[in-house]
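In: Pasting the sequence and the predicted coordinates here, then a few questions.
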Amino acid sequence: MKSNTEKLILEFKEELSKQIKTRDHAKKVFDECTNNINALQGGIQFGELLLKRLEEEVLQLSKEELNQQSKKAPLTK
């Protein structure tokens, strides 16, 4: 009986060790994925902001060009 109990305890310790390693590996993978997700979201946010600024600049330049053209164009009646 004693040897069976000792054997069972040893098996439990081995399984515990495996489960801890699995958990630690899973946590490492989770943390890496979280960092990757954050980096990708940041890149998307940066790209969208850049596009918005470019669109605003183009719009401003177009308005300025129209104002300059309207000043140069003769008035017709």
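Out: Cool, got the structure. Numbering: from 1, shown residues only.

In: residue contacts, L51?
Out: Contact analysis of L51 by C-beta atoms under 8 Å, 6 or more residues apart in numbering lists nothing. For the C-beta atoms, the positions are set from N, CA and C on the backbone; glycine is no exception.

In: what is the mean pLDDT for whatever helix or strand it lives in?
Out: Secondary structure assigned from DSSP states H and E places L51 in helix 2-72. For helix 2-72, mean pLDDT rounds to 94.

In: just how off-centre is that helix within its chain?
Out: In terms of C-alpha atoms, centre = their mean, to the nearest Å, the centre of helix 2-72 is found 3 Å from the chain centre.

In: can you check stretch 66-73 too?
Out: Stretch 66-73 has its C-alpha centroid displaced from the chain centroid by 45 Å (C-alpha atoms, centre = their mean).

In: got the contact list for it?
Out: Surrounding stretch 66-73, not a single residue is in contact under the criterion C-beta under 8 Å, 6+ apart.

In: Could you check how far K18 is from F30?
Out: Applying C-beta to C-beta, to the nearest Å, one obtains 18 Å for the distance of K18 from F30.
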